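In: just coords:
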């Protein structure tokens, strides 16, 4: 089984420096792309590979790039790596950045060349101090080796790369809020259209992709789209899957796209920890719907998870066990989402705190029967399109599925006027 | 046109608009908060949700925010869809979770958009059972009150203040359900348009602090359409009164003039009407006349009016009617403009230029559309503030041209700002010192007034080589002039802004030459002149000699001075001398001042709030203001009424047979045909709709029958208005009056100022029946006036003598508005501004006291050092109330005081 993304990652040693990375074949894809391929060829190759965005939305990456204007006068275009990994339960990008920073940088340079961007940014979560240090070092090496800066590899193509650390706001992971933050403005999302590909950072054409997405690019360029497709099972490529919660071996694994939930939990994560039973799981981070026992054989790819009523999201799963109160679990999540609302649109700003307060009150045994209707109302009205961005709809996913699968638990809280888990 | 279906009914609508404004224009009651017709859409509040369907067979549709949805042909929309209605009601419930239940004691109650929208959506029952969020309020200065707990986070305030008006000290702080709109810390809101926050805010967060001092509900105010008296732009306002006190001034929409906004001087400068120093009784030789007997008063006047030679001194702050009535009383040959010769000449030149028909003077709305702007010798932020706000929009025009290429519609404010970022179109400013607009200017040029003129002449010459060329220009200046000329030449809608602020006629001529040169290149150039006062244009159009001429003619026995403090117009000694030559001095004015102190007969004159009149603004637009209330003190009457009565009385007509305003207007256009059009500015006094007058009071006006019950239980007869179609009560026509006669905005379900939507042909566009005001300047060629010659020589410092120019200040330089305590507290303090070279020579630093001797008038003033000021040029604030009058520009001697 090939694991291109993690093949050079080992946490028993420091990550590869430039020399080791090059020795392992690093920057060959960059050389190939810049010297033998045109920007359009690269975009086409990536599009053909069917690589889908690994940040959670699952949109075809090459297709996204193809909306960037390649003709006319566009003196400045930007390429941005979204490394503001703040989805609760998600830590895959951290592993990729700390494990092999050059892989990301190489992927970004190729991608920037594909859209003919002249400036690139890595928007890094503030808490990722170690990743920041390593990336900065790797960028210095790449500049010194002529992979960044003016006239890269003598091709005439130039690219500047900057590392930008955020201040710890979940909303900055939303690509347009990230753009505002990068411009030094409040991190509120923007409407689409216009899409960032047309009017993005500082009003210029811009591509924002996730860390894992960029890390795939060198391998696709080296091995071709067909190879990439063949890596996966039910969808193209490999995926970094993660499991957290009360399993024997929480962690991250690079697996073919489309591994089943059962295999991930029982084989790779070693099954549930002793004395704990599986009650449900958020398959792709905090903002995805619960899947329960009946879904254990669902394949973890974008389509199959969606068909089961949830989202693959970031592919990093949070397990709910039978010792944990689902109401308290969801309250904790809604507390996070309410706090991370940017405050721009009404339903999210006012609705999320309301759900949080209701959940806390239920958890404390002060719930009322009409509270469940209010929670249902919120899951209905905080849906996609009703709010300005995807934060509130994402926040409603664990709540609506918890109300669906664990409704009895909510009702018990209210009727017994206490939390049965306490 | 596009065809759309709203709730299955077809409508022909204008493409290029968003669905919200389209629905509002069609008359649907669709609630909204964050969208504003002048500021576009951002999609924040989510209140205007409607359903849009793929086609006529789509039964599900999807919820969209109508403000973010462009009009498409064959669009199927439902406003009435149950899901959309539920969502809108739910959205208000969310907003109300933290909103105080203080409507009964809230300043906004009764004119609150949030109240209206809450009722509209039907949200009535509170399900949120947790404590409300609270905030600390801030002190924001004398104009605006802050009550953050009421905030519904629509972001309109910061969008107006920062994005639209260029303010820097109001922002949004914090996040999630604790966002805060205010300043970084307590302090005075700096921006000149902060008062608009009271109208922009959909609820009671930002309210008019001066109104709070004498609070009255909107429904209890007696209101009338009016015109701002505090600069030459003639912004349309609504003034409201209760119990004989003027309570509030708000903006009155006029799409051609001020649109939705007015400046803080205009909004808060009204309190002179309520000032305790008002002239309340006729005073004859120091004695209060028996005013109960008008005939007796007139008999005393008769002795004065029938004997000897009388001259009349008019005023640029008095109405056309008042000036005309004075002119008719004293006779054409004895009527003078109450302004010094240089100002009169300057205004005359401006009017000549604008009347010649070769150049176009734009409305304020047109100035907003300009793509390249050149300001020659003006500081609009201080001399004509609303124009500065317009120019801030103009600099966005050029960068926005790209937006259409990537399909960003004109209403999509958020996307447009993201696209153009800080990019600005070309704005060039030539002024002796930095101005506030410099921050949005592409290039600024700080030189002496004569050199500004020379710079302008050079630009005109580059545009058309038959224009006269200044000699001895340095290459650097010529290069800038050429650059400006090149850009003006390429512009689609170039605009030249100039005016009388620096009292330099050559600047006006240079501005004209540039505009003319552009016209000759077949560019539709705009030429906009700022004038000193609210009726400078109207007074100038009467073509009377100046005050200086009157002062040269010393053989009159009686002077009648109309609403004019002559001590602001010239040196004290000169005015003293002038006035000492009269046996009788009749002064008509609102407030006691130095001139009224010299009056042998002092007549109380109504302010704009107590009478009707017409003003002509800087673009030659005649506009009518209407009496807001009948003063209880019947001695306070319009100057034109007094003067016209004097005249008629002198001609043997008894007081009871006197003429009305409309007769005076008829006479005006008969005698002075240049004012033709004034008679159509507003419908005549006998105008009725269905036989009814238009009520000045909303129909919920309370307490009329009980107001005077402590005096007498029978309700007194309301005063009758013989001059206008308005009634002084709530009785009358309930529907929509003609545009010049809108006393307040109200529509069923729309109690706040947002009801303005209902008065417009299309939302944000002109009023039904056309925006009020009639332009008196003729379009089309009138004279063949060519390029103006007379280029001044370059400014050179004179040894021993300093040229002192005056700088206008939005707060302080206008005579009447400083009577408002709020405006007075923001007023500029006296200063002498000198450049670095002069400061070094005089060995003075910032704050040191310099003695300034202008003629025989001396001032001791603190120094402001300004690097930009050239050697030999100094500046003083224009006409601060605490300073003696001077004719500007002055020549003075500066010496350091030894203290």
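Out: Structure received. Small disclaimer: the values here were computed from a predicted structure and weren't measured. Numbering: from 1, shown residues only, chains lettered A, B, ... in the order given.
In: Stretch B:152-164 close to chain A?
Out: Yes - Stretch B:152-164 lies within reach of chain A by Cβ under 8 Å from any Cβ of the partner chain, at B:152, B:153, B:155. Where C-beta positions appear, they are placed from N, C-alpha and C, glycine not excepted.
In: For ChimeraX, write the selection for the buried entries among the residues you listed.
Out: Typed into ChimeraX, the line below selects the buried ones among the residues of stretch B:152-164 next to chain A, using 16 or more other Cβ atoms under 10 Å in any protein chain shown:
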select /B:152,153,155
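In: Which single one of the residues of stretch B:152-164 next to chain A is nearest to chain A?
Out: Compare each of the residues of stretch B:152-164 next to chain A with chain A using Cβ to the nearest Cβ and the shortest gap goes to residue B:153, at 6.4 Å.
In: Just the residues of stretch B:152-164 next to chain A: which are in helices?
Out: Secondary structure defined by DSSP state H assigns none of the residues of stretch B:152-164 next to chain A to helices.
In: can you put the residues of stretch B:152-164 next to chain A in a markdown table and add pLDDT?
Out: Shown next, in a markdown table, are the residues of stretch B:152-164 next to chain A (pLDDT from 0 to 100):
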| residue | pLDDT |
| --- | --- |
| B:152 | 97 |
| B:153 | 97 |
| B:155 | 98 |
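In: Dump the residues of stretch B:152-164 next to chain A into TSV; add distance to residue A:382 as well.
Out: TSV is the format used below for the residues of stretch B:152-164 next to chain A (distance: Cβ to Cβ, whole Å):
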residue	distance to residue A:382
B:152	18
B:153	16
B:155	20
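In: Cross the residues of stretch B:152-164 next to chain A against strands and list the overlap.
Out: Among those, no member falls in strands (criterion: DSSP state E).
In: buried sites along stretch A:244-259?
Out: A:244-247, A:250, A:252-259.
In: the strands in chain A, which residues?
Out: A:78-83, A:119-124, A:160-165, A:206-210, A:238-244, A:251-256, A:278-282, A:316-321.
In: okay if I get the ones you listed as TSV plus distance to residue B:353 and mean pLDDT?
Out: Shown next, in TSV, are the strands of chain A (distance: least, Cβ to Cβ, whole Å; pLDDT from 0 to 100):
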stretch	distance to residue B:353	mean pLDDT
strand A:78-83	50	98
strand A:119-124	50	98
strand A:160-165	53	97
strand A:206-210	49	97
strand A:238-244	74	97
strand A:251-256	77	97
strand A:278-282	74	97
strand A:316-321	73	96
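In: quick one: which of those strands is nearest chain B?
Out: Using Cβ to the nearest Cβ, the strands of chain A put strand A:206-210 closest to chain B, at 10.6 Å.
In: and the closest one with chain B, contact?
Out: No - using Cβ under 8 Å from any Cβ, strand A:206-210 stays clear of chain B, coming no nearer than 10.6 Å.
In: how many neighbours does the closest residue to chain A within the stretch 301-450 of chain B have?
Out: Residue nearest to chain A within the stretch 301-450 of chain B: residue B:419 (4.3 Å; Cβ to the nearest Cβ). For residue B:419, the neighbour count with other Cβ atoms under 10 Å in any protein chain shown is 22.
In: One more: residue B:424?
Out: Residues near residue B:424, counting by other Cβ under 10 Å: 18.
In: Hmm, residue B:181 is touching residue B:174, no?
Out: No - under the criterion of Cβ atoms under 8 Å, residue B:181 makes no contact with residue B:174, lying 9.9 Å away.
In: More neighbours: which of these two?
Out: residue B:181 (25 against 12).
In: Mind listing the strands whichever strand or helix holds that one pairs with, and their directions?
Out: Residue B:181 belongs to strand B:180-182 when assigned by DSSP states H and E. According to DSSP bridges, strand B:180-182 forms sheet pairs with strand B:171-173 (antiparallel).
In: the domain parsing of the chain - what is it?
Out: You didn't say which chain, so I picked chain A. Domain assignment for chain A, taken from automatic domain parsing, gives A:18-231, A:238-321, A:326-416.
In: actually it's chain B I care about, not the one you picked
Out: B:2-96, B:283-339+B:538-617+B:627-675, B:345-531, B:802-896.
In: need the least confident one among those domains, by mean pLDDT.
Out: When mean pLDDT is averaged over each of the domains of chain B, domain B:283-339+B:538-617+B:627-675 scores lowest at a mean of 89.
In: What's the end-to-end length of that domain?
Out: Using Cα to Cα, to the nearest Å, the end-to-end distance of domain B:283-339+B:538-617+B:627-675 comes out at 34 Å.
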